[in-house]
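Q: heads up, no residue letters with this:
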């Protein structure tokens, strides 16, 4: 029994519970209430902020889409008019000339938006710009693009759509015939 008594004496002393005077307790309660109210206000402000940012992002996307549509609508109107005129006059040459003008307008819209075609054929394959659909033996250097199936486009240094290409495997060694 003496051993237990000695270990109890060696145990670290516990902090003494001090009593808070009533005046201090009420001031601490009011401080706590004030902090809780402040926390609730901050939480509500943050929720409102998140909603506002979501709404503003959505509005920005809508305005960007509207801007693009405003660029494309004249092209749509011109195509509609070209088809109406063709149906009325049956003049194929005038129709083709009109579509060529619309195509030029379309290119101008893309250029004004910073869209540029990706150079492919004859270039080395770059996975950031090109998507290899097949690999073919050829006399060209290995990993050089030898065919473009679908053009790709970049805008401000970012790839909008990768070019779909065929890539050279390089020259294949001649197979020896068995005797």
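A: All right, it came through fine. A quick note: this is a predicted structure, and the numbers were derived from the prediction, not measured. Residues are numbered from 1 along each chain as shown.
Q: relative to residue 79, how far out is residue 97?
A: In this structure, residue 97 and residue 79 are separated by 13 Å, where distance is defined by Cβ to Cβ, to the nearest Å. C-beta here means a position set from N, CA and C on the backbone, and glycine is covered the same way.
Q: ok, longest helix in this structure?
A: Of all the elements of type helix in the chain, the one with the most residues (DSSP state H) is helix 22-89.
Q: tell me which strands and helices that one is in contact with?
A: With contacts defined as 3 or more Cβ pairs under 8 Å, 6 or more residues apart in numbering; DSSP states H and E, helix 22-89 has these neighbours: helix 92-112.
Q: need the contact partners of whichever helix or strand comes after the helix it packs on.
A: Under the assignment DSSP states H and E, the closest C-terminal helix or strand after helix 92-112 is strand 115-117. By Cβ atoms under 8 Å, 6 or more residues apart in numbering, the surrounding residues in contact with strand 115-117 are 151-155, 160.
Q: next, count neighbours for residue 145.
A: The criterion is other Cβ atoms under 10 Å. On that basis, residue 145 has 22 neighbouring residues.
Q: can you tell me who it pairs with across the strands?
A: residue 167 (DSSP bridges).
Q: from residue 87, how far off is it?
A: Here the distance between residue 145 and residue 87 works out to 42 Å (Cβ to Cβ).
Q: count of residues packed around residue 144?
A: Counted with other Cβ under 10 Å, the neighbours of residue 144 add up to 16.
Q: and what of residue 132?
A: As a burial measure, the neighbour count of residue 132 was computed by other Cβ under 10 Å and equals 15.
Q: ok so, going back, can you lay out the contacts of strand 115-117 as CSV showing neighbour count, distance to residue 39 and pLDDT?
A: As requested, the contacts of strand 115-117 are exported to CSV (neighbours: other Cβ atoms under 10 Å; distance: Cβ to Cβ, whole Å; pLDDT from 0 to 100):
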residue, neighbour count, distance to residue 39, pLDDT
151, 14, 56, 95
152, 20, 52, 95
153, 16, 50, 96
154, 18, 48, 96
155, 13, 45, 94
160, 14, 46, 94
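Q: out of those residues, who's nearest residue 112?
A: Using Cβ to Cβ, residue 155 is the member of the contacts of strand 115-117 that sits closest to residue 112, with 11.3 Å.
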